[in-house]
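Engineer: everything below, folded, please.
(2 chains)
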Amino acid sequence: MVGFLLRWGTLLAGMWILAGSLLFLLGEYAPTTATYSSPKLGSRLLADEGVFFIRPGMMILLLTPVLSTLLIGLSSLRRRDWPVVGATLIIIGVLWLNSPFR
Amino acid sequence: MFLLIILAGTITGVLAGLLGIGGGVILVPLLTTAFHIPIHHAIGVSLMTIIATSSMAAAYHLERDSIDIRWGIILASPAVVGAAVGGLLAGRFSQRALALLFASLMVVMSLVMVRRLRRGERSIVPVSPPASAEASDVDETAGTPIACQELRLLAALGILLLAGHLSGLLGIGGGVITVPTLRLLCRVPLRVAVATAHLMLGVTASSAALVYQARGEIPFLLTAATVLGALTGSPLGARLTTKVRSRWIDGVFVALTFALAMRLIWYSP
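Structural biologist: Next up is the predicted model:
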C-alpha cells in the first residue's frame, strides 16, 4: 500500500508537472501555435496555464512521502507498535510545523 | 533556458543513477554556477528532485519487500528534525557563505573518494545498488530484524540527525552517510540498507523542502524542469551501470566534484 502510494503519488505529480511544462514550452517557444486572437497574449496565457498545472504537481510531490509516513503510522497504531507510532508523531509534528497549511 | 535545465536535470539523473547517489551534490553547484540560480533556490530544487527520485526508488524496493519500514521510520525521525533545523539555518546564511560551505563539503568528499580509489575501493557507498550487484545481494534476507544494541542505536540516531541536518542545509540526500550508518551501526544487510535509505531520504527531503517552500525558495518552473530531467535520467543511468566500468565512473565523479567545488569557491553570486 505504501509502495503503491509512493509510486502513484510521484507519477501523478510527474504527469501534472509534464502537462504544465508542455503548456509552458508551447507558450514560450511557439507563440504562433496559440489559438487566441493575439499570438503574444495567447503564448503568455499558455505559459501561465503551464505554471498553474505545475503548482498542484509540486504539492502532490511534496505530500507523497508525508502521506506514506502517515499511512505507516496508522498501520503501526493498529498493531500497537508504539516506537513506530512515536517516531511517526515526531515526523508528522515536524512536517506540520513547517507546513504552509498550518 | 527551460530546455537546458531539463538537460542539466537529465545529466544529473544519469550520473546519479550510474553512481547510486541522490544527485544533489552535482545539481546544486551546477544550477548555481552554470545557470546563476541563487544557491538557496538551487537547494530547494535539489530537495524536490530528491523527493521524486527517492520516492520512485522506495516504491520499487517496497514492491520487492526489501525495506525495513519499521526501522526506516524510527531512524528517519532524527533526520527529519535535523533537516528542518538545517533548512531554517540555511535561511540565515548568505549566498556566499552557503556556497563556500557546500564547496568545502565537496572538497572533503573528493579527498575521501581519492583515498578510497587509491586503496582500490569504490569511491562512494552507493545509495542505489548497481544492477550487477543485485544478484549477489539477494541472499541477504529482506526484512531482517536489526540487532541494534542501545549504544549503537543512540550513535545511529545522532549520526542520522547530522545527516538530516546536512540534507536540509545543503540540499544533498545524505545517503552517503545513511547507508554506511545502517550497515555498520545497525548491521543491516547492504540491500536492505540501500532500500531503507531511499524511504528515509524522501521523508527527510520533504521536511527541509517544506521550510524552503515557506520561504518561497522553490521556483516552480525550475523545479519542474529538473524533476522531469532527473526522473528520465536516473533509470537510464541505473541501466548504464552494467555497461560502463565502475572505476572509470568513479574517476569522472571525483574529477567533476572537485571541478564544481573549485568553480563554486571562485564563483561570486
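Engineer: where do the helices sit along chain A?
Structural biologist: Here chain A has its helices, by DSSP state H, at A:2-29, A:39-78, A:82-98.
Engineer: give me the distance from the longest one to the chain's centre.
Structural biologist: Put plainly, it is helix A:39-78. For helix A:39-78, the gap between its own C-alpha mean and the chain's C-alpha mean amounts to 2 Å (C-alpha atoms, centre = their mean, to the nearest Å).
Engineer: and that helix, average pLDDT?
Structural biologist: For helix A:39-78, mean pLDDT is 81.
Engineer: near chain A, which residues of the stretch 51-200 of chain B are found?
Structural biologist: Applying C-beta under 8 Å from any C-beta of the partner chain, we find that the stretch 51-200 of chain B lies next to chain A at B:51-52, B:55-56, B:58-63, B:69-70, B:73-74, B:76-77, B:80-81, B:84, B:87. For glycine as for every other residue, the C-beta is placed from the backbone atoms N, C-alpha and C.
Engineer: quick revisit: between the helices of chain A, which one is closest to B:V14.
Structural biologist: helix A:2-29 (17.4 Å; C-beta to C-beta).
Engineer: check whether that closest one contacts chain B.
Structural biologist: Yes: on the criterion C-beta under 8 Å from any C-beta, helix A:2-29 is in touch with chain B at A:2-4, A:6-7, A:9-10, A:13-14, A:17-18, A:20-21, A:24-25, A:28.
Engineer: packing partners for that helix?
Structural biologist: Packing partners of helix A:2-29 (3 or more C-beta pairs under 8 Å, 6 or more residues apart in numbering or on different chains; DSSP states H and E): helix A:39-78, helix B:2-19, helix B:39-63, helix B:220-240.
Engineer: relative to helix B:220-240, how tilted is it?
Structural biologist: Orientation of helix A:2-29 against helix B:220-240 (axes from the mean of the first three to the mean of the last three C-alpha atoms, to 10 degrees) gives an angle of 120 degrees.
Engineer: gap between helix A:2-29 and the chain center?
Structural biologist: Distance of helix A:2-29 from the chain centroid (C-alpha atoms, centre = their mean) equals 8 Å.
Engineer: list the buried residues of that helix.
Structural biologist: A:2-3, A:5-7, A:9-11, A:13-14, A:16-18, A:20-21, A:23-28 (16 or more other C-beta atoms under 10 Å in any protein chain shown).
Engineer: ok, back up a step: write the ChimeraX selection for whichever of the residues of the stretch 51-200 of chain B next to chain A are buried.
Structural biologist: Applying 16+ other C-beta under 10 Å to those leaves a buried subset, and the ChimeraX line that selects it is:
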select /B:51,52,55,56,58,59,60,61,62,69,70,73,74,76,77,80,81,84,87
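Engineer: just name the most buried of the helices and strands packed on helix A:2-29.
Structural biologist: Highest mean neighbour count of the helices and strands packed on helix A:2-29: helix B:39-63, a mean of 27 (counted as mean count of other C-beta atoms under 10 Å in any protein chain shown).
Engineer: could you give the angle of that helix to helix B:2-19?
Structural biologist: Comparing the axes of helix B:39-63 and helix B:2-19 via the same axes, to 10 degrees yields an angle of 50 degrees.
Engineer: quick one on the thing from earlier: so which of the helices of chain A is nearest B:G24?
Structural biologist: Taking C-beta to C-beta as the criterion, helix A:39-78 is the member of the helices of chain A that comes nearest to B:G24, at 15.7 Å.
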